[in-house]
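> no sequence on this one, just coordinates:
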């Protein structure tokens, strides 16, 4: 059962080298987002999820970014990462569901099954292509997000948001669909919902102070 209302989900994350990469600050961001109408939040790292869980009652989409040698998959790449995310208080586990080589011996379908059976949590499949979305739904994913469109070798020549990908998924797959990636204005968020997305995730355009300041400085200096 997907307990997510239609609306805005705010991704509250910060680069590891940023002073904002602190559980207390991430939790404050999440609380501010919820106070102003966010229906859910998306949070990386167990300690951050735990801090946010103490501040908000809305659903938390949890993940754990881990760089593993030999694989480009980094969003909750293995089941034991999902275990930590669930233990920290996430309601939904987000995982990389691209067709890229995964670390270790675990297959996508195995991880989804384990999350369902052992953690009793729904799975959000972060995809980059329609093929990946199809495979994720067939493997049992409860939610499909366009999160990785434009961020993989297969899609690096495209810029998010992936409007065509979003539309393809909505029209052809029977699943809960989230538009995520590259949504940088209220108008774009509204377009996602108008196209038929069940919810839309906005991250950097709301909470990405580091990247926003860098963009301003870069433009001013040039």
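Received it, and whenever you're ready, just let me know what you need. Note that the structure is a prediction, hence the values are computed from the model and not measured.
> so what's the residue count around residue 222?
With neighbours defined by other CB atoms under 10 Å, the count for residue 222 comes to 5. No exception for glycine: its C-beta is placed from N, CA and C like everyone else's.
> that one and residue 182: what is the separation?
Distance, residue 222 to residue 182, by CB to CB, to the nearest Å: 22 Å.
> so which helix or strand takes in residue 10?
strand 7-11 (DSSP states H and E).
> and that strand, which residues are buried?
Neighbour-count burial for strand 7-11, counted by 16 or more other CB atoms under 10 Å, picks out 8-11.
> now stretch 100-107
Neighbour-count burial for stretch 100-107, with 16+ other CB under 10 Å as criterion, is recorded at 100, 102-103.
> ok, which stretches of the protein are strands?
7-11, 40-44, 60-63, 92-96, 123-126, 143-145, 176-180, 199-202 (DSSP state E).
> any chance of those strands in TSV, plus distance to residue 188 and mean pLDDT?
Formatted as TSV, the strands of the chain follow (distance: least, CB to CB, whole Å; pLDDT from 0 to 100):
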stretch	distance to residue 188	mean pLDDT
strand 7-11	12	98
strand 40-44	17	98
strand 60-63	20	98
strand 92-96	21	98
strand 123-126	19	98
strand 143-145	15	98
strand 176-180	9	98
strand 199-202	8	98
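> now tabulate these in TSV and tack on distance to residue 109.
Putting the strands of the chain into TSV (distance: least, CB to CB, whole Å) gives the following:
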stretch	distance to residue 109
strand 7-11	26
strand 40-44	23
strand 60-63	19
strand 92-96	11
strand 123-126	11
strand 143-145	15
strand 176-180	18
strand 199-202	24
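> out of those, which gets nearest to residue 77?
Of all the strands of the chain, it is strand 92-96 that lies closest to residue 77, at 6.3 Å by CB to CB.
> in CSV: the buried residues of stretch 100-107, plus pLDDT.
Converted to CSV, these look like this (pLDDT from 0 to 100):
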residue, pLDDT
100, 96
102, 94
103, 93
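> out of the residues you listed, which is nearest to residue 88?
Checking those against residue 88 with CB to CB, the nearest one is residue 103 at 20.9 Å.
> give the contact list for the closest one.
Residue 103 makes contact with 68, 70-71, 73, 77-78 under the criterion CB atoms under 8 Å, 6 or more residues apart in numbering.
> try it again at 10 Å.
Residues in contact with residue 103, defined by CB atoms under 10 Å, 6 or more residues apart in numbering, are 66-74, 77-78.
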